[in-house]
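In: Quick one, what's the 3D model for this:
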Amino acid sequence: MNMNSYFRPIVRTGSPRSKNSIFLAETKYWISEAEEIKLGETAKLISINDVPDWWKNRWVEKRSDILGMEFGFPKLMGILNVTPDSFSDGGQHFKLDAALNQAKFMEENGVDIIDIGGESTRPGALTVPILEEIKRIEPVIKGISARSKIPISIDTRKSEVVSAARRAGASMVNDVSGFTFDPKLLFYCSKYKLPVCVMHMQGSPEDMQNNPKYENILIEVFDFLENQISKLVQAGISKDHIIADVGIGFGKNLKHNLTLIKNISLFHGLGVPLLLGVSRKSIISNVAKVEKLSDRVHGSVSLAISALGQGVQIFRVHDVAETKQAFDLWVAVNFGE
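Out: Modelled structure (predicted):
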């Protein structure tokens, strides 16, 4: 879709609430102003009354429940990498017992869904052969499914891996390529009515951090996600089963990442739940000057809270307990619950 103007809702909570305000996706967040964004021009603040109905309709539409997750309050997606080389926890949960224990730990600490990946997508990572990826994820998904009803997402770009994961017990697909890597994948998800998360990435894991460039990061990421969501719907996937992720750290430099987080509410205009993955990423060490991954927990939670204040619905995290504690307090202060 080609648009001249884009509108970022200024999302607020609490009172007093403006008389002309509207509620975001039938939640307690409200909007009375927006920022109009045009390519090559300085953004300007405008009244909600000056925002086209098309945008406002997308803001107010209730986001449908996905796998039992209701989006009036934030949801946590726990990261479980069964790889030897993921950037943060590569190797820690590579063995089956370790992976199952971590899944149990996350569930006990309030995670809403577990995202299992068998292929690292860190900068510079190489593609893992299909059979090797299946070998990594299949026993873990079976093991979790055998003892728990927690929803499981499979983090992969490949339809063959999704097929094995679905048979093992996974019920959602998280594709970091935004369904550009494997043309068969969207049709497979449509056939089996699997909810999906579509993410933006410039390039591939092998080359995505080789000097990424954008004319306008907000507009380009929005247009990509809007177009991919349209393709998914055309392939037969219900829009009620689609989640969008701006892809922090995937083909973006520090300025790009900060701009996306600062303006994340723009993407409510996609009309689907938003997922944010900033957990332990290099943006934290670049700003806070902490190198050890274990020292990035506070920064991870801080960035998540910033996005929570803009109405983001799902957060992909390593540190479930710490994030949930912060979110529970934020919700109590801002929503009184």
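In: Residue 21: how many residues sit nearby?
Out: 14 (other Cβ atoms under 10 Å). For glycine as for every other residue, the C-beta is placed from the backbone atoms N, C-alpha and C.
In: Sticking with residue 232, tell me its helix or strand.
Out: helix 217-234 (DSSP states H and E).
In: what does that helix rub up against?
Out: Applying Cβ atoms under 8 Å, 6 or more residues apart in numbering, the contact partners of helix 217-234 are 1-2, 6, 8, 37, 39, 178-180, 186, 189-190, 196, 198, 200, 214, 239, 242, 244, 246-247, 252, 256, 259-260, 263, 266-267, 269-270, 272.
In: Which among these count as buried?
Out: When the contacts of helix 217-234 are checked for burial by 16 or more other Cβ atoms under 10 Å, the buried set is 6, 8, 37, 178-180, 186, 189-190, 196, 198, 200, 214, 242, 244, 246-247, 252, 256, 259-260, 263, 266-267, 269-270, 272.
In: circling back: after the helix holding residue 232, which helix or strand is next?
Out: That would be, after helix 217-234 and using DSSP H and E, strand 242-245.
In: Okay, now the sheet partners of that next one, with direction.
Out: Strand 242-245 pairs in its sheet with strand 196-199 (parallel), strand 274-276 (parallel), by DSSP bridges.
In: For the first one, the averaged confidence score.
Out: With pLDDT averaged residue by residue, strand 196-199 scores 98.
In: Repeat that for stretch 117-134.
Out: 87.
In: distance between the ends of that stretch?
Out: 10 Å (Cα to Cα, to the nearest Å).
In: What lies in contact with it?
Out: With Cβ under 8 Å, 6+ apart, stretch 117-134 has contacts from 79-83, 85-87, 90, 135-137, 154-158, 160-161, 164, 174, 176, 205-206, 208-209, 249-250.
In: Please narrow those residues to those residing in helices.
Out: 135-137, 160-161, 164 (DSSP state H).
In: Farthest pair within those?
Out: 136 and 160 (13.3 Å; Cβ to Cβ).
In: out of the strands paired with strand 242-245, deepest packed?
Out: strand 196-199 (a mean of 27; mean count of other Cβ atoms under 10 Å).
In: got the contact list for it?
Out: Counting by Cβ under 8 Å, 6+ apart, 153, 172-179, 186, 189, 225, 228-229, 232, 237, 241-247, 250, 275 sit against strand 196-199.
In: any idea how far the residue nearest to residue 161 when sequence neighbours are not counted lies from residue 240?
Out: Sequence neighbours aside, residue 133 is the residue nearest to residue 161 in space, at 5.1 Å (criterion: Cβ to Cβ, 6 or more residues apart in numbering). According to Cβ to Cβ, to the nearest Å, residue 133 and residue 240 sit 29 Å apart.
In: Also residue 56?
Out: Separation of residue 56 from residue 240 (Cβ to Cβ) stands at 20 Å.
In: Looking at these two, which has the bigger crowd around it?
Out: residue 56 (18 against 13).
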